[in-house]
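In: here is a sequence with its predicted model. Questions after.
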Amino acid sequence: MAEKSEKGKILRYRITILRTITQIMSFILIFGGVFGFASTLIVLPIMAPAGNPYTTVIGAWQLMELMLTAAIFPFLALAIILIGSITLGRTFCAWVCPFGFISDIVSYIGKKKWVPRKTNQSLFKFSVYVALFFLFIDFSIAYNQAIGRSIYSYFGEFYREPSSIIEPSTILFSLLFWYFYWGLYPQNLEALRNLINYSPFFWFRIIVLVLAIFINYYIPRWWCRWVCPLGGLMGIGAKYKLLKVYVDPKTCLGSQCGKCTRICPMGINVLDYVGRNIDNPLCTTCLMCLDICPYNAIKVKI
């Protein structure tokens, strides 16, 4: 009986298990240089740092910023963001993005707090404003470079990737990677005292990283929901994506069950979409709602 019960759980959560395996494999491949994999020219609609020598791909947002701040129009990066958002929506956020994977690990062991629906949706708009803010900076740098009047000096070390000042995967896998690679971490008590002399920008980024990771303990994927500039951009187009998640009104019990809403890592009230497609800009097609539904009311269609 116990064996049948375990088998039943595996079958019930088969998509979540598949997604977790995909996240692990993606993480290994994205940082495959550690295992001797060669770097490629693959660009994905995820946040993947350009400054780590062991990455095999580059994030579309990072490529877009690097090209814009060099006064080169980022056709490829924008095409990948646009095509990705209107075909699969934010699916790469749930299945491939390395920081999304880390966020999920923390939230799995955390104590989930429910954020009111209106607050959750309103805070999503903040990620759109974050995206527009950094795009404004990127285009300003691009324009001034194009007319031969560089403003790089105004942005210090962030002149090529302005958003890297708040981007967790870049802080974790680029800033801290080089920090430890070059042995800049305190190796004795005297060096530990000198930490206070580090740049304010360094400490600001460390605080951002700590918050980005550990608030997931209470609010799953909070950074992905409300701050990520790429998520904000792709969320706009995701409303029209070809890959749909549909809630069947014939089999859904609505508020009598509500398991789908309680498990959603993006805080979406799935029951708002009974009888129609989930076109919420926060939806990452993680399909945890499909796995948890005991009545098979949630379906994937194109």
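Out: Yep, that arrived. Numbers count the residues shown, from 1 in each chain.
In: contacts and neighbour counts: CA atoms only from here.
Out: Fine.
In: thought Ala71 was touching Gln145?
Out: Yes: here Ala71 reaches Gln145: they are 5.9 Å apart, a contact under C-alpha atoms under 8 Å.
In: how far does the longest helix anywhere in the chain sit from the chain's center?
Out: Longest helix of the chain, by residue count under DSSP state H: helix 117-146. Mean C-alpha position of helix 117-146 versus that of the full chain (C-alpha atoms, centre = their mean, to the nearest Å) differs by 15 Å.
In: next SSE downstream of that helix?
Out: helix 168-170 (DSSP states H and E).
In: packing partners of that next one?
Out: Applying 3 or more C-alpha pairs under 8 Å, 6 or more residues apart in numbering; DSSP states H and E, we find helix 168-170 packed against helix 98-108, helix 200-214.
In: list the contacts of the first one.
Out: The list of residues contacting helix 98-108 from outside it, by C-alpha atoms under 8 Å, 6 or more residues apart in numbering, reads 23-24, 26-27, 30, 47-48, 93-95, 168-169, 213-214, 216-221, 224.
In: how does it look with 10 Å?
Out: With C-alpha atoms under 10 Å, 6 or more residues apart in numbering as the test, helix 98-108 has contacts from 19-20, 22-24, 26-28, 30-31, 46-49, 92-95, 97, 110, 167-170, 172-173, 212-224, 265.
In: please save the CA atoms from that helix in CSV.
Out: Coordinates of the C-alpha atoms in helix 98-108 are reproduced here as CSV (Å, rounded to 0.1, in the frame of the first residue of the first chain):
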residue,chain,number,x,y,z
PRO,A,98,18.8,30.0,-12.8
PHE,A,99,17.7,32.6,-10.3
GLY,A,100,14.1,31.3,-10.5
PHE,A,101,15.5,27.8,-9.6
ILE,A,102,17.2,29.2,-6.6
SER,A,103,14.1,31.1,-5.6
ASP,A,104,12.1,27.8,-5.8
ILE,A,105,14.6,26.0,-3.6
VAL,A,106,14.2,28.6,-0.9
SER,A,107,10.4,28.8,-1.2
TYR,A,108,10.1,25.0,-1.0
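In: flag every buried residue along that helix.
Out: Pro98, Phe99, Gly100, Phe101, Ile102, Ser103, Asp104, Ile105, Val106, Ser107 (16 or more other C-alpha atoms under 10 Å).
In: quick one: these as CSV, columns for pLDDT and distance to Leu290 too.
Out: CSV is the format used below for the buried residues of helix 98-108 (pLDDT from 0 to 100; distance: C-alpha to C-alpha, whole Å):
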residue, pLDDT, distance to Leu290
Pro98, 95, 23
Phe99, 95, 23
Gly100, 95, 19
Phe101, 95, 19
Ile102, 95, 22
Ser103, 95, 20
Asp104, 94, 17
Ile105, 94, 20
Val106, 94, 22
Ser107, 92, 19
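In: I'd like to know which of the residues you listed is nearest to Ala297.
Out: The nearest member of these to Ala297, counting by C-alpha to C-alpha, is Asp104 at 24.6 Å.
In: for the residue lying closest to Pro168 once chain neighbours are set aside, give me its contacts.
Out: Counting by C-alpha to C-alpha, 6 or more residues apart in numbering, Pro168 lies nearest to Leu209, which is 5.2 Å off, once chain neighbours are set aside. Residues in contact with Leu209 (C-alpha under 10 Å, 6+ apart) are Ile166, Glu167, Pro168, Ser169, Thr170, Ile171, Leu172, Trp203.
In: cool, and Ile42?
Out: Thr56, Val57, Ile58, Gly59, Ala60.
In: check Pro200 too.
Out: Pro200 touches Ile206, counting by C-alpha under 10 Å, 6+ apart.
In: okay, it: pLDDT?
Out: Pro200 carries a pLDDT value of 85.
In: repeat that for the one 10 residues further on.
Out: The model reports Val210 with a pLDDT of 95.
In: what count of nearby residues applies to it?
Out: 12 (other C-alpha atoms under 10 Å).
In: same thing with Ser122?
Out: Neighbour count for Ser122, taken as other C-alpha under 10 Å: 11.
In: and Gly183, by the same measure?
Out: 10.
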